[in-house]
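Enquirer: Build me a structure from this.
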Amino acid sequence: MVATSVAAVGIGYFFASKKLEEINHERAKGGLLAVTWAEIIAEARDYEKQAMMNILEELEAEFQGDILLNRCSETAVIMNKNYKISDLKYVIDKSGREYIAQRSNIPFMEMILLVIKEQSD
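Expert: Numbering: from 1, shown residues only. The predicted model follows:
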């Protein structure tokens with residue numbers, strides 16, 4: 001059983017390093033510097049945070065008083081409670097309902113903070 005786990009990790013590492021090698025090869029063609037997986041993940045998280053701040057900025061104008069965004073401290077006050085931007089997510093579910101939820105460490109569990117739009121008919 002341990003040997004199988006070690007083999008799986010080794011194969012996973014091999015494919016991940018090959019993919020990173022391909023990414024860096026393509027970046028080099030465009031004159032960009034090589035990156036690591038950590039840098040790619042950090043860039044994706046930063047993009048996600050910036051997108052969430054842009055969404056909250058638009059909602060702040062629409063829901064006057066219910067949402068207050070502070071870009072400097074990267075926090076938002078939603079319904080008089082303070083949250084870190086990185087702890088929030090904007091969700092559009094299959095029914096068309098849109099809401100802001102707080103991320104949870106428990107899978108498939110989220111706390112809905114503000115419903116933007118009820119489900120579509």
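
Enquirer: those helices in the chain, which residues are they?
Expert: Assigned by DSSP state H, the chain shows helices spanning 2-29, 37-62.

Enquirer: Format the ones you listed as a markdown table; extra columns: mean neighbour count and mean pLDDT.
Expert: C-beta here means a position set from N, CA and C on the backbone, and glycine is covered the same way. Output for the helices of the chain, formatted as a markdown table (neighbours: other CB atoms under 10 Å; pLDDT from 0 to 100):
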| stretch | mean neighbour count | mean pLDDT |
| --- | --- | --- |
| helix 2-29 | 10 | 76 |
| helix 37-62 | 13 | 92 |
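
Enquirer: who's in contact with the most centrally placed residue in the chain?
Expert: The residue lying closest to the centre of the chain (CA atoms, centre = their mean) is Glu48, at 4.5 Å. Glu48 makes no contacts at all, as judged by CB atoms under 8 Å, 6 or more residues apart in numbering.

Enquirer: Please tell me how far it sits from Leu33.
Expert: 22 Å (CB to CB, to the nearest Å).

Enquirer: And Lys19, by the same measure?
Expert: From Lys19 to Leu33 the distance is 17 Å (CB to CB).

Enquirer: Ok, Asn54 next?
Expert: 27 Å.

Enquirer: swap in Ile92?
Expert: Taking CB to CB as the measure, Ile92 falls 35 Å from Leu33.

Enquirer: So for the two, which residue has more residues nearby?
Expert: Ile92 (11 against 8; other CB atoms under 10 Å).

Enquirer: How about that one: what's its closest non-neighbour residue?
Expert: Glu98 (5.0 Å; CB to CB, 6 or more residues apart in numbering).

Enquirer: The one you found reaches Val91, doesn't it?
Expert: Yes. With contact defined as CB atoms under 8 Å, Glu98 and Val91 form a contacting pair (7.0 Å).

Enquirer: quick one on the thing from earlier: right, and the helices of the chain - which one's nearest Arg71?
Expert: Relative to Arg71, the nearest member of the helices of the chain by CB to CB is helix 37-62, separated by 6.1 Å.
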